[in-house]
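J.: what follows is a predicted protein model with its sequence.
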Amino acid sequence: MSASNDSSSGFVQVKYNDEIVRMFTLATIIWAAVAFLVGVIIAAQMAVWQLNFNTSWLTFGRLRPLHTNAALFAFAGNAIFAGIYHSTQRLLKTRLCSDVLGKLHFWGWQFIIVLAAITLPLGLSQGKEYAELEWPIDIAVVLIWVVFAINFFGTLLKRNEKHMYVSIWFYIATIVTVALLYIVNAISLPISFFKSYIVFAGIQDALVQWWYGHNAVAFFLTTPFLGLMYYYMPKAANRPVFSYRLSVVHFWSLIFLYIWAGPHHLLNTALPEWLQTLGIVFSVMLWAPSWGGAVNGILTLRGSWNLLRTDPIIKFLVAAITFYAMATFEGPLLSVKAVNSLGHYTDWIVGHVHLGTLGWNGFLTFGIIYFIVPRLWKTELYSKKLANIHFWIGILGILFYYISMLAAGITQGLMWRAIDANGNLVYPDFVETVIRIVPLFFSRAIGGVLFLAGFVLLLYNVYKTIKQAPKDLADETVQVKGASFAVSHSERGHRKLEGMAATFTILALIAILAGSVIEVVPTLSISKYVKTENKVEPFTPLELAGRDIYIKEGCYTCHSQMIRTIHSEELRYGAASTIEESMYDRPFQWGSKRTGPDLARLGKKYPDLWHYMHMENPRAVIKESIMPAYPWLISSKIDFENLGKTISLFKKLGVPYSDKDLSDAKTSAKTQALGIAARLKDQGVKEEMSDKKITALIAYLQALGQKGAQ
Amino acid sequence: MKQQALANFTDIYLIAIAFFLFLSVFVGYIFWVCRKGKKKHYDYLSQLPLHEETRT
């Protein structure tokens, strides 16, 4: 029994489950090390291309999804679970609903992370940012999230504190919304255990992806961390939150507004104008609740500002909230169409994201770790001095990182759009704009190393703290007022309050569904936006095989396929992309970053041999290129066997393939491959290439922008 | 941009619903939060992280 009643006094003994919190805390630290290390590696790869080592599973395109998933689901995920389990038990004055579900949650989540760490470097990817995991892992994520939800809501039902503190509200919104976002965005149909295709296509997929992507930031990296802020900031400062009223306004405004902001990732694209405007308006409005929350967090320290000098935990928490304020000011700014036209696709966005993840999520987590580790292990922090050094090295690292990326982004963005007096591009060669910012890639990597170095100090500090802890770590037992005494109207009243928790959850769900439905549903009837006169040919089977390779290698992490409605882009790449051009693309490949140029109109721009040489060694055709080489594409073979399944699936999803296309899929792919291989041979390639992956990729690259509807 | 955006508002009723929803929710909870005589209640709530329990 975790709680025993003392009916004579009305008090109950509650023994908190601290073991699960300790487990998630250690997992946070371990996975943080992995996420940060991979981050430093890929940052170094951007500065020194040789660090890709010509090895498939070490290439940037495969490691970048590993880094983002590790940071999001492994580091932030475990931190959220540790903080939620720790604070929820104490705020609700009850033990976790189920120890078994807690352990299932923990080990299930770690198993998912391990699967992700294996599959992503192998190139098993759905090709959607922050949602790359293949369908069996997606199912596992949903199941484990349900386990977490059951445990959380079960704890809520057996609580001894009738009122739900605002942190609990943020946790509820997180649990409900993440489930909805993840499930909708991951709806896909498999053709094998390792390969599936998303059901949404083109613009639908773009909108659903960024509805998910932006709200992954909102409801995985913001709302749970705000809940943690509202608990740990008052705890660390030993003062109540500055304004509880403001926290209520903060909560409802934030969850209602955030869900609408996704389209700001698709500004100046082929997305319908009304959706772009809606995204801008709600993004700009988001500034108000975000700063309301930040001010509320920082002013909690009123009257105790001296702690900023003496207490490293307070330093981390206050710096984290400050970074939150900076990032949530910059976010709306970048959502203004004019600013977005400069910043989008550049490193400015990378800097913006890291301002939030390193500064807000990272520092808040570090502050919480320094706060809870001594308490959970019943000892003192080994060294405050080391924690202080960690703080300053971390700050330096973030500033190096952010300023480098801000400068790189603005520099490159201005170079892309520079037009001379004759109306021509000043920097027509894309690589010119890359060379200019490579030094900033070095200083970004230095920033990453500094941040990692600071984290190593935390690692050592935590290790020494735990080492000096007593061996007996019995769960903390406290005496609290029992539920029946906490509520004046006995069972009836308590039932009513339990009902309020359910009502609250439903209200939060309605708030997030409002924006979701209004934004996403209209685009599901895509025919409304597609001009019927713009006929588009679907990709051939070989081109689809090449597209799969493009996705597997993570080409979308550095190349977009969306020419924006901006004059300089049309000068550089050709006419702006249309909705119709990508209407059969599963997943869409509009991209979010251009380390290399846009590829929407790449087809027929260069001969096959150019692509062959470029993939084998990019420096052979563009001397200053920083792109990794892909020599394995020249030696490994095309999977012709699954092409029929892919065509069949796409046909069912509405892509206009005929029965003949389906029955001849393999033959037509081989015929097309023979044609490309013959051309390569004529142009000087000695080896037979008709069954090699490079041939399929060339077929796809040559088809880009060649299917009509321009 | 405004003219262009308005010209493309093909789903104007959705925007109206969104606006009505947001405004009514916002006004609703501002009134709810600022009700008179709730100071004591909010003070109690804000103390929850600090007055958790009595250790045994």
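T.: Cool, the structure landed.

J.: could you use CA atoms for every contact and neighbour count after this?
T.: Noted.

J.: wasn't A:Ile510 part of a helix?
T.: Yes. A:Ile510: assigned to a helix according to DSSP: H, G, I helix; E, B strand; the rest coil.

J.: now it: how far from B:His41?
T.: Distance, A:Ile510 to B:His41, using Cα to Cα, to the nearest Å: 26 Å.

J.: again with A:Ser592
T.: 47 Å.

J.: looking at the two, which one has more neighbours?
T.: Between A:Ser592 and B:His41, A:Ser592 has the larger neighbour count (other Cα atoms under 10 Å in any protein chain shown), namely 21 against 10.

J.: for the closest residue in space to that one that isn't next to it in sequence, give the beta-bridge partners.
T.: Nearest residue to A:Ser592, sequence neighbours excluded (Cα to Cα, 6 or more residues apart in numbering or on different chains): A:Tyr345, at 5.4 Å. For A:Tyr345, the beta-bridge partners are A:Lys593 (DSSP bridges).

J.: OK, now which residue of the stretch 401-550 of chain A is nearest to chain B?
T.: Nearest residue of the stretch 401-550 of chain A to chain B: A:Val478, at 4.3 Å (Cα to the nearest Cα).

J.: name the SS class of that residue, please.
T.: A:Val478 ends up strand, using three-state DSSP.

J.: now swap in A:Val655 and tell me
T.: Per three-state DSSP, A:Val655 ends up coil.

J.: if we can go back for a sec, quick one: the residue nearest to A:Ser592 from chain B, how far?
T.: Separation of A:Tyr345 from chain B (Cα to the nearest Cα, to the nearest Å): 22 Å.

J.: hang on, isn't that residue packed against A:Lys593?
T.: Yes. Contact criterion Cα atoms under 8 Å: A:Tyr345 and A:Lys593 qualify, at 4.0 Å.

J.: looking at these two, which one has more neighbours?
T.: Each of A:Tyr345 and A:Lys593 has its neighbours counted (other Cα under 10 Å); A:Tyr345 has more, 25 against 20.

J.: so what's that one up against?
T.: With contact taken as Cα atoms under 8 Å, 6 or more residues apart in numbering or on different chains, A:Tyr345 is in contact with A:Ser592, A:Lys593, A:Arg594.

J.: now distance to A:Leu96 too, for these, in TSV please.
T.: What follows is those, written out as TSV (distance: Cα to Cα, whole Å):
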residue	distance to A:Leu96
A:Ser592	41
A:Lys593	43
A:Arg594	46
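
J.: tell me the bridge partners for the residue of the stretch 401-550 of chain A closest to chain B.
T.: A:Val478 forms beta bridges with A:Val14, B:Arg55, as assigned by DSSP bridges.

J.: where does the prediction get shaky in chain B?
T.: Within chain B, the segments meeting pLDDT under 70 span B:1-12, B:14-15, B:52-56.

J.: hmm, 80 instead?
T.: Under the criterion pLDDT under 80, the flagged ranges of chain B are B:1-19, B:21-22, B:25, B:35-38, B:51-56.

J.: look through it and tell me its longest helix.
T.: helix B:12-33 (DSSP state H).

J.: helices and strands around that one, which ones?
T.: helix A:244-258, helix A:490-524 (3 or more Cα pairs under 8 Å, 6 or more residues apart in numbering or on different chains; DSSP states H and E).

J.: buried sites along whichever helix or strand comes after the longest one?
T.: Moving toward the C-terminus from helix A:490-524, the next helix or strand (DSSP states H and E) is helix A:541-552. Neighbour counts over helix A:541-552 (16 or more other Cα atoms under 10 Å in any protein chain shown) mark A:Pro541, A:Leu542, A:Glu543, A:Leu544, A:Ala545, A:Gly546, A:Arg547, A:Asp548, A:Ile549, A:Tyr550, A:Ile551, A:Lys552 as buried.

J.: could you list every helix and strand in contact with helix A:541-552?
T.: Using 3+ Cα pairs under 8 Å, 6+ apart, the elements in contact with helix A:541-552 are helix A:643-652, helix A:665-682, helix A:693-703.
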